[in-house]
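1. Pasting the sequence and the predicted model now:
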Protein chains: 2
Amino acid sequence: MRQLKLTLHYDGTNYRGWQVQAEGTTIQGLLQETVQRITGEAVTVIGAGRTDAGVHALAQVASFTTASAHLPEVFLNALNALLPDDIRVMGVAEVAASFHPRFSALRKSYLYFVSSGRIISPFLHRYAWKLHAGLDLAAMRKALEAILGTHDFSSFRGSGCGAKTTIRTILAASIERTDTMPFLSNRLDGTYFAFRIEGDAFLRHMVRNLVGTLVEIGKGKMDADALSAVLEAKDRTKAGPTAPARGLFLERIVYQEDAENITPDCR
Amino acid sequence: MRQLKLTLHYDGTNYRGWQVQAEGTTIQGLLQETVQRITGEAVTVIGAGRTDAGVHALAQVASFTTASAHLPEVFLNALNALLPDDIRVMGVAEVAASFHPRFSALRKSYLYFVSSGRIISPFLHRYAWKLHAGLDLAAMRKALEAILGTHDFSSFRGSGCGAKTTIRTILAASIERTDTMPFLSNRLDGTYFAFRIEGDAFLRHMVRNLVGTLVEIGKGKMDADALSAVLEAKDRTKAGPTAPARGLFLERIVYQEDAENITPDCR
């Protein structure tokens, strides 16, 4: 048996999220069906990040085990031929049996786009949260400092989160005005903010709850100093609302050594 | 009665095109219903370009006549509040009664994106025609010269085109490798081509038929010199296939004087 690692881009708009659900089309479900069409085997495709319905990915990592002898290149072409256009496999590599997309990850980063512009482009509405007012960037940046490092993120944990511990480490966090999206544009109109949060791992809805709280601070509805107290409260009701899924992108996942790959990624 | 001019951006993916059809949602139909919700009047919204199903617009121009005294600003906000996110009104201005979105237009330009990359991004698949091979840019550019100026474009006229004359003037045409889309990106992967064709007016499917023929030339399936003969034949069967709708954008419409506006565009 071999383990194959997939690197995926997807527009999550039309899906019920990563994880197989009782009803609705999911990205994991589609991948499993598609691998089965190629190899005839029923497989479980494990993902690094269980993105919610409507959340996008710029570099999701997933893997499955197969008895098939097809070259990674063959899987790359066959998967892209059979999957819908809004899910693309960007790379396939054979990896050691010890590799696990989620547990082997050292850190992950998420990007979140917010627009405070009056009109959001019809080509970008799937990819940003549209606000009706400007945001105080300095206040949001000040608040961001409180989440750096290791904390109990209970206050930012979504309902239905099954994680055993709520302790997580935020390695880097930034908020910038942006005129570009990494997959898109240099012609944004100056009203976009990019929130980037990198950590060892994340609780369910944690990034969206952090962004929702930072936006409350940006709007002046919550004080910049309040974030520490929200963390200490370990109470979800003390934090801000959950930011909508559409603005969120799983951006990057870093592994100890991509040298763990048995074959180089074919692209 | 006042005439109001709208400038519109839209992602045409989910629509049956501009013009009201017996079945299916159209952009004209949605605009008419939305104006009626605002003013109570049944109106006809006239568009400058009757874009096909799946074709996008970066600056469609449309107008309607109303007895309403609402300021242009009020229409801008109300229309954007009521229309779906993939249709945005970018400007509203009051114009002279003599203005007609189509007949007053001096020229229009269309953009068409083609990708010869192996994998097209899930964020861009709605906006480009994916080819399976590279294109000979020099051959396509050479062929492009034949369409400049005034010609009978019968060979590039789609079925169902009701135009009285098939004589049209192409004012400018270019094909460039591009790393940007005007509403999007500086991170394309070097496999994209942008076709830009500007003319006084266009027949049904004319741009898509020209692009389809140029791509045949780019693939080496048709000679670069053949385009003149195709024009002279005045026979649709001599030209190449119709390029898919998804890659096409109505880019810009130029009027004699935007000074014809009674009020400046509110944005």
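-> Received the coordinates, thanks.
2. make it CA atoms for all contacts and neighbour counts henceforth
-> OK.
3. what secondary structure does the spatially closest residue to A:Ile253 that is not a sequence neighbour sit in?
-> Using C-alpha to C-alpha, 6 or more residues apart in numbering or on different chains and skipping residues adjacent in sequence, the residue nearest A:Ile253 is A:Lys108, 4.4 Å away. Here A:Lys108 is strand, with the state taken from DSSP: H, G, I helix; E, B strand; the rest coil.
4. Now do A:Lys108, the pLDDT please.
-> Looking at A:Lys108, its pLDDT reads 94.
5. so where's chain A uncertain?
-> Scanning chain A for pLDDT under 70 picks out A:179-190, A:257-261, A:266-267.
6. so the residue nearest to A:Ile253 makes contact with A:Glu198?
-> Yes: using C-alpha atoms under 8 Å, A:Lys108 is in contact with A:Glu198, at 5.6 Å.
7. List the residues that contact the residue nearest to A:Ile253.
-> Shown in contact with A:Lys108 (C-alpha atoms under 8 Å, 6 or more residues apart in numbering or on different chains): A:198-201, A:250-254.
8. Sitting in helices, which of the residues you listed do you find?
-> Using DSSP state H, no member of those falls in helices.
9. neighbours of A:Ala93, just the number please.
-> Residues near A:Ala93, counting by other C-alpha atoms under 10 Å in any protein chain shown, number 22.
10. Just confirm it is within a helix.
-> No: read with three-state DSSP, A:Ala93 is strand and lies in no helix.
11. For it, which residues are in contact?
-> Per C-alpha under 8 Å, 6+ apart, neighbours of A:Ala93: A:4-6, A:72, A:261-266.
12. Now A:Phe103. Nearest residue, chain neighbours left out?
-> Going by C-alpha to C-alpha, 6+ apart, A:Phe103 has A:Ala48 as its nearest residue, at 7.9 Å.
13. was I right about that neighbour contacting A:Ala62?
-> Yes: the pair A:Ala48 / A:Ala62 is scored as a contact, 5.9 Å apart, by C-alpha under 8 Å.
14. what touches both of those two?
-> Common neighbours of A:Ala48 and A:Ala62 (C-alpha under 8 Å, 6+ apart) are A:Pro101.
15. farthest-separated two in the contacts of A:Ala93?
-> Across the contacts of A:Ala93, the longest distance by C-alpha to C-alpha is 13.3 Å; it joins A:Leu6 and A:Ile262.
16. Am I right that A:Phe75 sits in a helix?
-> Yes: counting by three-state DSSP, A:Phe75 is part of a helix.
17. ok, it touching A:Val92?
-> Yes: counting by C-alpha under 8 Å, A:Phe75 does reach A:Val92; the two are 7.2 Å apart.
18. who's more crowded, these two?
-> Neighbours per residue, other C-alpha under 10 Å: of A:Phe75 and A:Val92, the larger number sits with A:Val92, 27 against 22.
19. residues in contact with the more buried one?
-> Applying C-alpha under 8 Å, 6+ apart to A:Val92 gives the contacts A:4-7, A:72-73, A:75-76, A:265-267.
20. between those residues, which has the most around it?
-> Counting by other C-alpha under 10 Å, top hit in the contacts of A:Val92: A:Leu6 with 29 neighbours.
21. In chain A, what residue spans correspond to helices?
-> Using DSSP H, the helices of chain A run over residues A:27-39, A:72-82, A:137-144, A:206-218, A:226-233.
22. Now do the fourth one: which elements does it pack against?
-> In other words, helix A:206-218. Here helix A:206-218 touches helix A:137-144, going by 3 or more C-alpha pairs under 8 Å, 6 or more residues apart in numbering or on different chains; DSSP states H and E.
23. The helix it packs on packs against which elements?
-> So helix A:137-144, by 3+ C-alpha pairs under 8 Å, 6+ apart, packs with strand A:167-178, helix A:206-218.
24. Identify the residues contacting the longest one?
-> In other words, helix A:206-218. The contact list for helix A:206-218 (C-alpha under 8 Å, 6+ apart) reads A:110, A:112, A:134-137, A:139-140, A:143-144, A:153, A:156-158, A:195, A:197, A:222-224, A:239-245, A:248.
25. Show me what counts as buried in that helix.
-> Neighbour counts using 16 or more other C-alpha atoms under 10 Å in any protein chain shown place A:206-218 of helix A:206-218 among the buried residues.
26. pull the CA atoms of that helix into PDB?
-> Only the C-alpha atoms of helix A:206-218 are listed here, as PDB (Å, rounded to 0.1, in the frame of the first residue of the first chain):
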ATOM      1  CA  MET A 206     -11.600  29.900  15.700                       C
ATOM      2  CA  VAL A 207     -10.300  32.100  12.900                       C
ATOM      3  CA  ARG A 208     -13.800  33.300  12.000                       C
ATOM      4  CA  ASN A 209     -14.500  34.100  15.700                       C
ATOM      5  CA  LEU A 210     -11.200  36.000  16.000                       C
ATOM      6  CA  VAL A 211     -11.900  38.000  12.900                       C
ATOM      7  CA  GLY A 212     -15.500  38.700  14.000                       C
ATOM      8  CA  THR A 213     -14.100  40.000  17.300                       C
ATOM      9  CA  LEU A 214     -11.400  42.100  15.700                       C
ATOM     10  CA  VAL A 215     -13.900  43.600  13.400                       C
ATOM     11  CA  GLU A 216     -16.000  44.600  16.400                       C
ATOM     12  CA  ILE A 217     -12.900  46.400  17.700                       C
ATOM     13  CA  GLY A 218     -12.300  47.900  14.300                       C
END
